[in-house]
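# Predicted model, plus sequence, below.
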Amino acid sequence: MFNAYGEDPNDDLPGKIGPNGIFRLLNDLKVDPADRSVLILAWKLKAATQCEFSKDEWIQGMEDIKCDNMEKLSKFMKNSASHIQDPIDFQQFYQFSFNYAKPLGSSGLALSTAVAYWEIIFGENKRVQNWISYLENQQIRGVTKDEWLTFLEFLNTVKEDFSNYDSEGSWPVRIDDYVDFCQASSGGPLAA
């Protein structure tokens, strides 16, 4: 399979499946490039760079997910969500996504990149969409790794009505500001 998609002359990436090869692969699998399964595949292959799979990443990753033909890979893509059902697996996938999305030499993500990845990871999650709207309205330029990781903890531990939110906790200032904004927008503190 690597030979079918790797070293595409249009990519000029010796020893790798590059963007054109990946696009052909996804086209053959009938998978939308923006589908979460593509990011899950990159995570499972331990891809170091967006839109690239080295030969070693590909071979080791395919062995790990037990895919040695297109039929098995197609099945993996269709059932990829099962690999992130466990909260620990999801957390690892989420952490991987930040590093995968981050440009080389950068310590954070541009807001537009963070938004694109949150939408791929969470889909139509109302809480995530509210967070994104808040950040966009505040004209935030970027997201740090700490903010990225803490946001998942926030989603997992703080109730939707913020009733268990501890403003004296160790949340980043941006999350404190977000909670204050939401509570002010709703007419006052939601916590009892």
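Received it, and whenever you're ready, just let me know what you need. Numbering: from 1, shown residues only.
# Return the distance of the residue nearest to P33 when sequence neighbours are not counted relative to Q183.
Spatial nearest neighbour of P33, chain neighbours left out: L26 (5.5 Å); criterion: Cβ to Cβ, 6 or more residues apart in numbering. Yep, even glycine has a C-beta here, placed from its N, CA and C like the rest. Distance, L26 to Q183, by Cβ to Cβ, to the nearest Å: 43 Å.
# on that earlier part again, which residues does the residue nearest to P33 contact?
Neighbouring residues of L26 by Cβ atoms under 8 Å, 6 or more residues apart in numbering: 32-33, 38.
# Next, count neighbours for the closest residue to E52 other than its chain neighbours.
Counting by Cβ to Cβ, 6+ apart, the nearest residue to E52 once its immediate chain neighbours are dropped is K16, at 5.1 Å. Using other Cβ atoms under 10 Å as the criterion, K16 is surrounded by 24 other residues.
# And for L155?
L155 has 15 neighbouring residues, counting by other Cβ under 10 Å.
# Tell me the bridge partners for the residue nearest to E52.
With DSSP bridges as the criterion, K16 is bridged to S54.
# mind listing what it touches?
Counting by Cβ under 8 Å, 6+ apart, K16 has contacts 6-7, 52-55.
# Now do it against Q60, distance only.
Distance check for K16 against Q60: by Cβ to Cβ, it reads 14 Å.
# hang on, the earlier thing: among the contacts of K16, which one is most surrounded by other residues?
Each of those was scored by neighbour count (other Cβ under 10 Å); the top score is that of F53, with 27 neighbours.
# who touches that residue in this structure?
For F53, the contact set (Cβ under 8 Å, 6+ apart) comprises 6, 16-17, 22, 42, 45, 47, 61.
# for the spatially most central residue of the chain, what are its contacts?
In the chain, the C-alpha closest to the average C-alpha coordinate belongs to S97, at a distance of 4.0 Å (Cα atoms, centre = their mean). S97 is in contact with 39, 43, 117, 121, counting by Cβ under 8 Å, 6+ apart.
# Which pair of the contacts of F53 spans the longest distance?
Distances among the contacts of F53 were taken as Cβ to Cβ; the most separated pair is G6 and A42, at 15.5 Å.
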